[in-house]
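sequence and predicted structure, then a few things I'm wondering about:
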Amino acid sequence: MRGFGNLIDGYRRFRANQSTATREQWQQLAEGQSPRAVIIACSDSRADPATIFDADPGEIFVVRNVANLVPPFEANGGRHGVSAALEFAVTQLNVPEIVVMGHESCGGISAALTGRFHDAPAGEGGFIHRWMSQIDAPSKEIARSHGTGKDAQQLLEEAAIRQSMANLRTFPFVADREKRGELVVLGCHFSIRGGELWVLHEAEDTFRPVSID
Ligand SMILES: [Zn+2]
C-alpha cells in the first residue's frame, strides 16, 4: 500500500498483538466512553499524552493543537474546535479532570517568543503567528526581560500553560464545576530530554517533577 508513511506496518502489528481481552475491550468501547481526564496537549510528535501517561484507548480525551493553547470562552460565532471538544468532554462525558500539558522545545512557543512569523501571510507562517498571538502579552514581556534563549523559551512554555488554565476557567461550565469540586484543572510540562513530567503547584506557582516511586 502506498502512502501512510509506512504506518500500515504499525497497524498490522497493532492487529497482530490484539488478544481476546483487547478485542473484548474494543467491543465495550464501541458502546461508549468514560475517559478519566481531558488532556490539552501540543501537536508535537514528541509529546504524546497516551505514551507519557501509558494510557489505553478510552482512558484519556485528548485535544491537541499548536502549543497546547486554550483560547478564552467566546460565544461569537467562530468555529471553536477547542471549545467544542471541551464542551463535549465536560458537559456530555462529565470528565472530572482537565490537564494542560506543555512541553520542552515547543516550536509554537519558539515562534511566539522570537516573532519569527510576524507579518507572514497565511500559508507561510501566518496561521501560526495568528494562533500564537493569543500569548502576545507574556511573549513580549519575557522576550523583553529574558531575551529569546533557552531559559526564556522555558519561561514562556510555563506562562502559556498558566494562561491556558486561566482561560479554561473563563468557561462557565468549567468554573462552575471546579467551584463545586466536581472538576480539577491541572497544568504540567513535559521535559523531552529527561522524559520527565513537571506539575504546576498553583499555591506556590512552581513546577515540580513528579516522583516516579
Ligand atoms: Zn509544542
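Yep, that arrived.

the host helix or strand of Arg162 - contacts with which helices or strands?
Using DSSP states H and E, Arg162 falls within helix 150-168. Here helix 150-168 touches strand 97-103, helix 107-114, helix 136-146, strand 184-191, strand 196-201, going by 3 or more Cβ pairs under 8 Å, 6 or more residues apart in numbering; DSSP states H and E. For the C-beta atoms, the positions are set from N, CA and C on the backbone; glycine is no exception.

who's in contact with Ala55?
Ala55 makes contacts with Pro49, as judged by Cβ atoms under 8 Å, 6 or more residues apart in numbering.

now it: how far from Arg36?
Look at Ala55 and Arg36: by Cβ to Cβ, to the nearest Å, they are 9 Å apart.

how much space separates the spatially most central residue of the chain from Asn68?
In the chain, the centroid-proximal residue (Cα atoms, centre = their mean) is Ala41; its distance is 1.7 Å. Separation of Ala41 from Asn68 (Cβ to Cβ) stands at 5 Å.

count the neighbours of the closest residue to Pro172 other than its chain neighbours for me.
Using Cβ to Cβ, 6 or more residues apart in numbering and skipping the chain neighbours, the partner closest in space to Pro172 is Phe73 (7.1 Å). Around Phe73 there are 17 other residues, counting by other Cβ atoms under 10 Å.

touching, Phe73 and Thr170? I think so.
Yes - assessed by Cβ atoms under 8 Å, Phe73 is found in contact with Thr170 at 4.3 Å.

next one: phi and psi at Ala55?
The phi/psi pair for Ala55 (degrees, to the nearest 10) reads phi -100, psi 140.

rewinding a little: so the residue nearest to Pro172, which of the three states?
Secondary structure, DSSP: H, G, I helix; E, B strand; the rest coil: Phe73 is coil.

pLDDT at it, what is it?
Per-residue pLDDT puts Phe73 at 97.

show me what contacts it?
Contacts for Phe73 (Cβ under 8 Å, 6+ apart) come out as 83, 167, 170-172.

same question, Cys106
Applying Cβ under 8 Å, 6+ apart to Cys106 gives the contacts 42, 44, 67-68, 153, 157.

how close does Leu156 sit to Val100?
14 Å.

what's the neighbour count on the nearest residue to Glu182 once chain neighbours are set aside?
With sequence-adjacent residues excluded and distances taken as Cβ to Cβ, 6+ apart, Glu182 is closest to Pro96, at 6.6 Å. Pro96: 15 surrounding residues under other Cβ under 10 Å.

would you confirm that Val66 contacts His129?
No - counting by Cβ under 8 Å, Val66 sits too far from His129 to count as a contact (10.6 Å).

list the buried residues for the helix holding Arg162?
Using 16 or more other Cβ atoms under 10 Å as the test for burial, helix 150-168 gives 152-165, 167-168.

any idea which of the contacts of Phe73 has the most stuff around it?
Scoring the contacts of Phe73 on neighbours with other Cβ under 10 Å, the highest-scoring entry is Phe171 at 21 neighbours.

residues of the protein that sit close to the ion?
42, 44, 106 (Cβ under 5 Å from the ion).
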